[in-house]
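# coordinates only, sequence not included:
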């Protein structure tokens, strides 16, 4: 089990503070690094990958510092945001070079495996400069994966991919996470993060704004009412009963059902079945409607 | 050949920049051949062509194109990350790149200098020039490789060294010759095969010691700089 740790890490450029006192620990599984453009995501990734020295604090992989320590690349793969590939090589040559530089016992087999993983076997013998952006991206991912690293860091990995390639990449990351790899990918597109990972590290203006499962993060935001979409056999009577409940701060009825605002998530979800049962009302739908990553993210940005 | 050296060589010859290597050596051989064909006395053309063009321009400029091409181009386009994200000692990466730079620069400048020396005097003079040029290619390559890691404008700084330090100051300020690779090469060639075409201005000891300091010093500094290679975030 490999963990990546940041302990009170800051990074500044002259007077500009890019990353401010961030501590986080990445465990096996897929984690999304989320934040608006310019928040400091790439700086954090580069420090994790040993390509930037923290101005303060320490970045380690299994206790070993990443800065000025090439040995970490035995267990770490990086797909940087900048599209940098040797266009004069074929994908097979490019990935094989990675395998050889990793000193793998069977570079050819590892290359074939990596090409299969990203579905690039068919085009593997064409020069990379003839590829589309998505194909280049997949080639870079294959080169980063060829030594089967425990930790994989990806900076905006879905850039330039078409929807099918995107789905495939998401499935690949899921699969690697399930198999115990520690995957961190950055993105400023909420839907991407939501589809790939429940666990997020949210960075806003260089600070870690939230960390963990985003649904749990939402539930901890007790200063914001939780919004539920409810449908029942008698919405109007249920609304009257609910408004008497202490944990309910508002009820709205519309044509499709009602929207309930609850100030306390736990009390409301315990009270609702009891109230429905006591009133003889059948519940048909109960959906937390502001637990999407988008609402969590916007609440964090507003905070 | 190591994988790093293989990628470096492919990259070097895969870029149009490699074509820049051809004209200067061809000009050197062409001028020497013309002078010989028209029976111009070697004492009249030998020094301007061999020293003025061969050692003052062809050798350093070829070394500059190659020396900055083996690493600087990869840093510019970001492909260096592909190599740096491998568990390779940074010393091995620098040695591989320096090796490619020296072999290509030496072949591109030593061969035409050998031909020019042969046409001007003798095979012995040509061989002396070729050996000295190879040593010079090593020192220049180490210097220009380091410049690639120190600045975003290695070619410009390299040209300042060649044209201003060696070319201009070397003519008028004798003290600057102690730090001139061109002077080490002239001395070395002159000591291997004494000839009236070359005029040593620094001692052999200074040439050997300072040449070694250039190579070892620049090599070690390059390894240290590569260990601390930083990537700036483009959207961070």
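Yep, that arrived. None of the values given here were measured: they were computed from a predicted structure.

# quick one: contacts for residue A:99?
Contacts for residue A:99 (Cβ atoms under 8 Å, 6 or more residues apart in numbering or on different chains) come out as A:107, A:108, A:110, A:111, A:114, A:146, A:147. Heads up, the C-betas are built off the backbone N, CA and C, glycines and all.

# err, residue A:114, not the other one
Contacts of residue A:114 (Cβ under 8 Å, 6+ apart): A:95, A:99, A:142, A:143, A:145, A:146.

# ok, the last one - contacts?
In this structure, residue A:146 makes contact with A:95, A:98, A:99, A:102, A:104, A:110, A:111, A:113, A:114, judged by Cβ under 8 Å, 6+ apart.

# Swap in 6 Å and give it another go.
A:95, A:98, A:99, A:110, A:114 (Cβ atoms under 6 Å, 6 or more residues apart in numbering or on different chains).

# The third one too?
Contact criterion Cβ under 6 Å, 6+ apart gives A:95, A:114, A:115, A:118 as the residues in contact with residue A:142.

# Among these, which pair sits farthest apart?
Taking Cβ to Cβ, the two most distant members of the contacts of residue A:142 are A:95 and A:118; they sit 9.3 Å apart.

# now the contacts of residue A:146 in CSV, with pLDDT and distance to residue B:180?
Converted to CSV, those look like this (pLDDT from 0 to 100; distance: Cβ to Cβ, whole Å):
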residue, pLDDT, distance to residue B:180
A:95, 97, 45
A:98, 96, 41
A:99, 97, 44
A:110, 97, 49
A:114, 96, 49
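
# Just name the closest of those to residue A:161, please.
Closest approach to residue A:161 among those (Cβ to Cβ): residue A:114, at 17.2 Å.

# Now the host helix or strand of that closest one: buried residues?
Residue A:114 belongs to helix A:107-117 when assigned by DSSP states H and E. In terms of neighbour count (16 or more other Cβ atoms under 10 Å in any protein chain shown), helix A:107-117 has its buried residues at A:107, A:110, A:111, A:112, A:113, A:114, A:115, A:117.

# Columns distance to residue B:21 on top of those, output as TSV?
Output for the buried residues of helix A:107-117, formatted as TSV (distance: Cβ to Cβ, whole Å):
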residue	distance to residue B:21
A:107	32
A:110	36
A:111	32
A:112	37
A:113	39
A:114	35
A:115	35
A:117	40
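
# From residue A:62, how far off is the residue of the stretch 151-300 of chain A found nearest chain B?
Across the stretch 151-300 of chain A, no residue is closer to chain B than residue A:156, which sits at 7.7 Å (Cβ to the nearest Cβ). Residue A:156 sits at a distance of 26 Å from residue A:62 (criterion: Cβ to Cβ, to the nearest Å).

# Neighbour count: those two, which is higher?
Neighbours were counted for residue A:156 and for residue A:62 using other Cβ atoms under 10 Å in any protein chain shown; residue A:156 has more, 22 against 14.

# Need the per-residue pLDDT for the residue lying closest to the more buried one once chain neighbours are set aside.
Sequence neighbours aside, residue A:81 is the residue nearest to residue A:156 in space, at 4.9 Å (criterion: Cβ to Cβ, 6 or more residues apart in numbering or on different chains). On pLDDT, residue A:81 comes in at 84.

# can you give me phi and psi for residue A:81?
Backbone torsions of residue A:81, given as degrees, to the nearest 10, read phi -70, psi -40.

# got the residues of chain B near chain A?
Neighbours of chain A within chain B, by Cβ under 6 Å from any Cβ of the partner chain: B:3, B:7, B:10, B:14, B:77-79, B:81, B:85-88, B:227, B:230-231, B:233, B:235-236.

# wait, doesn't residue A:39 sit right on residue A:203?
Yes - between residue A:39 and residue A:203 there is a contact at 4.6 Å, judged by Cβ atoms under 6 Å.

# For the nearest residue to residue B:193 once chain neighbours are set aside, which residues are in contact?
With Cβ to Cβ, 6+ apart as the criterion, residue B:193 has its nearest non-adjacent residue at 3.6 Å, and that residue is residue B:128. By Cβ under 6 Å, 6+ apart, the residues touching residue B:128 are B:189, B:192, B:193.

# From the residues you listed, which land in helices?
B:189, B:192 (DSSP state H).

# Now for the contacts of residue B:128, which sits with the most neighbours around it?
Neighbour-wise, the contacts of residue B:128 (other Cβ under 10 Å) top out at residue B:189, 30 neighbours.

# Which strand or helix spans the most centrally placed residue in chain A?
Closest residue to the average C-alpha location of chain A: residue A:32 at 1.4 Å, with Cα atoms, centre = their mean. Under the criterion of DSSP H and E, residue A:32 resides in strand A:29-34.

# does any part of that strand sit near chain B?
No - judged by Cβ under 6 Å from any Cβ, strand A:29-34 stays clear of chain B, getting no closer than 11.2 Å.

# Could you spell out the sheet neighbours of that strand, each with its direction?
strand A:182-187 (parallel), strand A:199-204 (parallel) (DSSP bridges).

# In this structure residue B:218 contacts residue B:148, no?
No - contact criterion Cβ under 6 Å: residue B:218 and residue B:148 do not qualify, at 10.8 Å.

# more neighbours, these two?
Legend: neighbour count by other Cβ under 10 Å for residue B:218 and residue B:148, higher for residue B:148 (29 against 23).

# so how far is chain B from residue A:66?
Using Cβ to the nearest Cβ, to the nearest Å, residue A:66 is found at 11 Å from chain B.

# Quick one: the helices in chain B, in order.
B:3-14, B:23-37, B:42-46, B:59-69, B:72-77, B:80-84, B:90-120, B:123-150, B:154-159, B:170-172, B:181-192, B:204-227.

# Put together a markdown table for those helices, with mean pLDDT on each row.
A markdown table is the format used below for those (pLDDT from 0 to 100):
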| stretch | mean pLDDT |
| --- | --- |
| helix B:3-14 | 91 |
| helix B:23-37 | 95 |
| helix B:42-46 | 91 |
| helix B:59-69 | 96 |
| helix B:72-77 | 89 |
| helix B:80-84 | 93 |
| helix B:90-120 | 97 |
| helix B:123-150 | 97 |
| helix B:154-159 | 96 |
| helix B:170-172 | 88 |
| helix B:181-192 | 97 |
| helix B:204-227 | 97 |
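
# Quick check: which of those helices is buried the most?
Of these, the one with the most neighbours on average (mean count of other Cβ atoms under 10 Å in any protein chain shown) is helix B:59-69, at a mean of 27.

# Which residue lies nearest the spatial centre of chain B?
By Cα atoms, centre = their mean, the most central residue of chain B is residue B:63, 3.0 Å off.

# quick one: that residue and residue B:141 touch, right?
Yes - if you go by Cβ under 6 Å, residue B:63 and residue B:141 touch, sitting 5.5 Å apart.

# residues shared between the contacts of those two?
In contact with both residue B:63 and residue B:141: residue B:105, using Cβ under 6 Å, 6+ apart.

# For chain A, which segments count as helices?
With helices called from DSSP H, chain A shows them at A:41-48, A:91-101, A:107-117, A:133-145, A:163-178, A:190-196, A:214-220, A:235-243, A:265-279, A:293-302.

# Now do the phi/psi pair for residue A:244.
phi -80, psi -10.

# ok, now how distant is it from residue A:271?
Taking Cβ to Cβ, one finds residue A:244 at 10 Å from residue A:271.

# show me where pLDDT drops low in the stretch 151-300 of chain A?
Counting by pLDDT under 70, the stretch 151-300 of chain A has low-confidence residues at A:222.

# quick check, nearest of the contacts of residue B:128 to residue A:231?
residue B:189 (93.6 Å).

# re the thing from before, name the nearest of the contacts of residue A:142 relative to chain B.
The closest of the contacts of residue A:142, once distances to chain B are taken by Cβ to the nearest Cβ, is residue A:95, at 10.3 Å.
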